[in-house]
Every structure is written in C-alpha cells, then in structure tokens.
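[1] Starting from these lines, generate the structure:
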Amino acid sequence: MAKAKSTVKIKGAALPNIPWEDRPKGHKEIIWRYSGNPIIQRDAIPSSNSIFNSAVVPFKGKFAGVFRCDDRSRKQCLHAGFSDDGVNWNINPKEIDFAWKDKETQYHAGYDPRVVWIEDRYWVQWCNQYHGPTIGLAWTKDFKKFHMVENAFLPFNRNGVLFPRKINGQYVMLSRPSDNGHTPFGDIWLSHSPDMNYWGKHRWVMGRAGGWQSTKIGAGPIPIETSEGWLMIYHGVLNSCNGFVYSFGAALLDLKQPWKVLARSGDYLISPWTNYECVGDVPNVAFPCAALVDPPTQRIAIYYGCADTVTGICFSHVGEIIKWMRKCNIQK
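    Residues are numbered from 1 along each chain as shown. Okay, the predicted model is just below:
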C-alpha cells in the first residue's frame, strides 16, 4: 500500500541540494543516521581537540556555518566554515574575530552556536562567557566578518535559539536559564525583543518530563515554521547511574504564541546508540544544533554533536516527525 502523502506545509525556500541519504531498506525508525558519520572528525583543523555542537545554513547555493572547535588547551572556540554539499566541510583554522567595541563584554570563548537568517543577515547565537555562561549575539552577511552586539541575558543561561522571523512585530528567542556548572536542571523559556538589544516579556515554554528528558531540556535547531505550528527539535537529559545521557525529541509550538506547546514527544527521536555517540570526551551525547529543510519534499537533515567530540548528521521527513509526535504526545 502506498504511503499517504503528508498534508503538512512548510514555510521557506526550496533546498533541492539538501544533504541527503535515503532511508535504509527495512529501517523502521522515524530518523536514520548518515552511513558516513561522523561527517566532521575531531581533528579537522590543526588546533582542534574536538568539533561538535555546531550550526549550518544554506549560503549562496551552497552552505556555511559556525562550528564549536575546542582547542588543545581545551578552550571553547568558534570557527566559520563553508561546504559545497553540506557534508564535506572546510573550516577556517582561525577563530572568529568578533568586531565589538566593548572589551569587557566581548567574546572571550564560546560554544554550542546556532545560526539563522532573519530579514537581511545571518544571526549567530552562542553560549558566551561573561561572569558565567550567557547568550552571545552577533550578525554576519558573509561568514567572514562578524559583528557582535550586547549579550542577550544575565548569566546564567544557555541554548539561545532565535526564531527565523519576527512574531507579532518582535524578535523571539528560546533559552534555558541555568547555573554556572554542568546544570542538573533546566526548562525552556522564551523572550521577546524589539531590537535584538533589550530582551523581556519572558514566558515559560515547557519543563522537564520523565525518562530521557527528566533532568533538563533545551532548544536545539532553529524552529521550523509549518502549517501545524513551529516544529522545535530539542534535547533532553537523563541522569543515569553512569552519568548524563543526552537524547533529542520534538515539540510543536503555537505559531502566534510560541510559548504555548501544542504537542510534545514522550519518546526520543535519537538517543546515543552508536560508538561515535557513546564514546568520546563526554560519553552518551546526541546534541542537535542545526537543521536543513527542503519544503517541497519535506526532507530534513539534522546536524548533531556526538559524545562532545565529533559531528554527525541524520535524516527524516517533517511530516513524519509531526505525525509520530502526535502519536507519542505527552502534552496535556
């Protein structure tokens, strides 16, 4: 019997050259991993100890991104990179030099970036350091020169993720207020800004649940606008007898009031199963930071950090994820 075509509509430009590999024969999971994983090894540039939790976007018919490259002193660094196909990457060995006049609040180290096109430029969000972790913001038009603006929030905060357009006339960002350590707690919040400078009107989005998302949760890639709502891929953490385990699932947020959750997966999409996800500097981590989507075909490619060491990619279809999420929905 032929599979019914999804009626979900996705907003955005077509991306026919999206990185892609067809679902393996007999594979029954919603998401499947790329057979060539990891696509970025830990030593892809001379200075790196590890390259993971990074963000990519379409750029001039090809692809560009900002990458977390922890160096061999174990400083957390951000580097720009380019790719023809979204799989094979040329990462600049020089750390990004953010233009910013305020030496006190400037970029000192950064990790877990996200990147999104809004209006006329690409915005970078990352975990900056200013008396503890906070959300750094900068913009670029060419991935060569980056202009930093004010940090978005007071410390301590992580996982800043902008929506790809204004909602009700304001910029909107997800984040996870936290502490100064390896946070053993955390819910997802949403904040508004008229100018990318002053942030307020904070709203609670959703909290921890059981199982794979019982310890803390955080937004992942840039939310995807669909006819059903904003599709948010997010990570969840389980505190096991062997330490933290990072998996990821999905939620659907209201288009006009995105702090309102319409559906949320009780099951995970991916949990660390493979060697490159289970073994590394931090074992048992699958951490999504970017997603590419081709609206006409509903194909989605999700980039994720593996064991805080290397970068992987996995695939699915947006309509399938939403259908699956509704079946295992725990949102009441």
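[2] in its sheet, what does the helix or strand residue 158 falls within sit against?
    For residue 158, the element it lies in under DSSP states H and E is strand 157-162. Here strand 157-162 is paired, per DSSP bridges, with strand 171-177 (antiparallel).
[3] circling back to that earlier point, outside of the strand holding residue 158, which residues touch it?
    The contact list for strand 157-162 (C-beta atoms under 8 Å, 6 or more residues apart in numbering) reads 112, 114, 116, 118, 123, 125-127, 133-137, 152-153, 171-178, 183, 186, 188, 218-223. C-betas here are computed from N, CA, C, even on glycine.
[4] May I have that strand exported as CSV, CA atoms only?
    Extracted C-alpha coordinates of strand 157-162, given in CSV (Å, rounded to 0.1, in the frame of the first residue of the first chain):
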residue,chain,number,x,y,z
ASN,A,157,21.9,31.0,30.5
ARG,A,158,22.5,28.5,27.7
ASN,A,159,20.9,27.3,24.5
GLY,A,160,19.8,30.6,23.0
VAL,A,161,17.8,29.8,19.8
LEU,A,162,16.2,32.6,17.7
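[5] Could you export stretch 196-211 as CSV, CA atoms only?
    This file holds the C-alpha atoms of stretch 196-211, laid out as CSV (Å, rounded to 0.1, in the frame of the first residue of the first chain):
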residue,chain,number,x,y,z
MET,A,196,18.0,42.4,19.4
ASN,A,197,19.4,44.5,22.2
TYR,A,198,16.8,44.6,25.0
TRP,A,199,15.1,41.4,26.0
GLY,A,200,12.0,40.9,28.1
LYS,A,201,8.4,39.6,28.2
HIS,A,202,9.7,36.3,29.3
ARG,A,203,7.4,33.3,29.0
TRP,A,204,7.8,29.7,30.3
VAL,A,205,7.5,27.2,27.4
MET,A,206,7.9,23.8,28.9
GLY,A,207,9.7,21.9,31.7
ARG,A,208,11.2,18.5,32.3
ALA,A,209,9.3,15.3,31.9
GLY,A,210,10.1,11.7,32.6
GLY,A,211,12.7,9.3,31.2
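[6] Contacts for that stretch next, please.
    Under the criterion C-beta under 8 Å, 6+ apart, residues 123, 137, 149-150, 152-153, 170-171, 173-174, 185-193, 214-217, 236, 238, 251, 253, 258-259, 261, 264, 266, 330-331 lie in contact with stretch 196-211.
[7] I'd like the mean pLDDT over the strand holding residue 158, please.
    The predicted model gives strand 157-162 an average pLDDT of 98.
[8] for stretch 236-256, same thing?
    In this model, stretch 236-256 carries a mean pLDDT of 97.
[9] Any buried residues in it, and which?
    Of the residues in stretch 236-256, those with enough neighbours to count as buried (16 or more other C-beta atoms under 10 Å) are 236-238, 244-253, 255.
[10] residue closest to the middle of the protein?
    Among the residues of the chain, residue 289 comes closest to the average C-alpha position under C-alpha atoms, centre = their mean, at 2.0 Å.
[11] who touches that one in this structure?
    Contact analysis of residue 289 by C-beta under 8 Å, 6+ apart lists 53-55, 112-114, 220-221, 303-305.
[12] let's see it at 7 Å
    Residues near residue 289 by C-beta atoms under 7 Å, 6 or more residues apart in numbering: 53-55, 112, 114, 220-221, 303-305.
[13] Over to residue 38?
    276, 306, 310-312.
[14] Return the members of those classed as buried.
    Among the contacts of residue 38, the ones that count as buried by 16+ other C-beta under 10 Å are 276, 306, 310-312.
[15] From these, which land in helices?
    When DSSP state H is applied, the buried ones among the contacts of residue 38 are split such that residue 276 fall in helices.
[16] SS state for residue 320?
    With DSSP: H, G, I helix; E, B strand; the rest coil as the basis, the three-state label of residue 320 is helix.
[17] which stretch of helix or strand covers the spatially closest residue to it that is not a sequence neighbour?
    Taking C-beta to C-beta, 6 or more residues apart in numbering as the measure, residue 320 lies nearest to residue 30, with 5.8 Å between them; neighbours along the chain are not counted. Assigning secondary structure by DSSP H and E places residue 30 outside every helix and strand.
[18] looking at it, residue 30 is touching residue 323, isn't it?
    No. Shown here, residue 30 and residue 323 do not form a contact pair, counting by C-beta atoms under 7 Å, at 8.9 Å.
[19] So which of these two has more stuff around it?
    In this view residue 30 and residue 323 are compared by other C-beta atoms under 10 Å, and residue 30 has more residues nearby, 21 against 15.
[20] what sits against that one?
    269, 316, 320-321, 324.
[21] Could you give the backbone dihedrals for it?
    For residue 30, the backbone dihedrals are phi -70, psi -40 (criterion: degrees, to the nearest 10).
[22] just the strands in the stretch 1-150 of the chain please.
    Remark: strands assigned in the stretch 1-150 of the chain by DSSP state E, counting those that start in this stretch are 32-33, 48-59, 62-71, 78-83, 89-91, 98-99, 110-118, 121-129, 133-140, 146-148.
[23] Export those strands as CSV, with columns for distance to residue 22, mean neighbour count and mean pLDDT.
    Formatted as CSV, the entries for the strands of the stretch 1-150 of the chain read as follows, by distance: least, C-beta to C-beta, whole Å; neighbours: other C-beta atoms under 10 Å; pLDDT from 0 to 100:
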stretch, distance to residue 22, mean neighbour count, mean pLDDT
strand 32-33, 9, 20, 98
strand 48-59, 21, 23, 98
strand 62-71, 20, 23, 98
strand 78-83, 21, 21, 98
strand 89-91, 22, 18, 98
strand 98-99, 40, 16, 96
strand 110-118, 27, 22, 97
strand 121-129, 30, 23, 97
strand 133-140, 34, 24, 97
strand 146-148, 36, 18, 97
